[in-house]
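Chemist: Sequence and predicted structure, then a few things I'm wondering about:
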Amino acid sequence: MTPLFLTFILLTQYDFTIARLKYGGGGDWYCDPSSLPNLLKAINERTTIRAASKEVVIELTNPELFKYPYLYMTGHGNVKFSDKEVKILRDYLINGGFLHADDCYGMDSSFRREMARVFPESPLIELPFDHPIYHSFYDFPDGLPKIHEHDNKPAQGFGIFYNNRLVVFYSYETDLGDGWEDPDVHNDPPEKREQALRMGINIVVYALTQQ
């Protein structure tokens, strides 16, 4: 995280929040509506980060984008960026922003295609289990927790690095956002919801403190 973002978050009266990305292409960027408020509440209660009570929704073309150091996207369907949005997202990320993409089962192929346009020189790579994102606040010695079964594949965490900084984290085959939702939405057992919240906190803490 650049000194500008760190100063903005830690040394001002600003309440940290998560910016949910509204993207084009037809995908349901708005899915899991209770997920981010629940994650923000857990961040506020369990860490020293002073978090807002709800997320903001933002498009890449909104000039307010650069006010928010943490960008989140999810969905089941297609993701499509315009050429202008590709440039803006790249500028945002190389200048200190961070993107967490959480595949809700269905956006994988389009997300990978669009990120290849944003960082053609830096492909998504799987992060090893000893990467700090799995140990920044809670310890996940086996990497991402598996929250929902769906395709019965193992959960995997992928990243894109720019100048040795992790700028994109992609949680695949886990569906953390479903685990953050209100308990009666998916009827996940408490231990699964707890794993999802803990991993979400890890990602935020890592993103806001990495050098």
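Modeler: That came through fine.
Chemist: any idea what sits nearest residue 88, other than its immediate chain neighbours?
Modeler: Among residues not flanking residue 88 along the chain, residue 60 sits closest, at 4.7 Å (C-beta to C-beta, 6 or more residues apart in numbering). For every residue, glycine as well, the C-beta is placed using N, CA and C.
Chemist: What separation do you get for residue 48 and residue 137?
Modeler: Using C-beta to C-beta, to the nearest Å, we find residue 48 at a distance of 11 Å from residue 137.
Chemist: what about the chain, any weak spots by pLDDT?
Modeler: For the chain, applying pLDDT under 70 flags the ranges 1-14, 211.
Chemist: For it, which segments count as strands?
Modeler: For the chain, applying DSSP state E gives strands covering 19-21, 56-58, 70-75, 98-103, 125-126, 156-162, 165-172.
Chemist: Pipe these into TSV and attach distance to residue 110 per row.
Modeler: Shown next, in TSV, are these (distance: least, C-beta to C-beta, whole Å):
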stretch	distance to residue 110
strand 19-21	13
strand 56-58	20
strand 70-75	9
strand 98-103	10
strand 125-126	19
strand 156-162	15
strand 165-172	13
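Chemist: Throw these into TSV and include distance to residue 27 and mean neighbour count, thanks.
Modeler: Below are these laid out as TSV (distance: least, C-beta to C-beta, whole Å; neighbours: other C-beta atoms under 10 Å):
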stretch	distance to residue 27	mean neighbour count
strand 19-21	10	23
strand 56-58	14	15
strand 70-75	4	23
strand 98-103	11	24
strand 125-126	23	12
strand 156-162	18	18
strand 165-172	15	21
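Chemist: so which of the ones you listed gets nearest residue 208?
Modeler: Residue 208 lies closest to strand 70-75 among the strands of the chain, at 7.2 Å (C-beta to C-beta).
Chemist: ok, residues contacting the closest one?
Modeler: Defining contact as C-beta atoms under 8 Å, 6 or more residues apart in numbering, one finds that strand 70-75 is touched by 16-21, 23, 27-29, 31-32, 35-36, 55, 58, 65, 79, 92, 97-104, 106-107, 111, 177, 204, 207-208.
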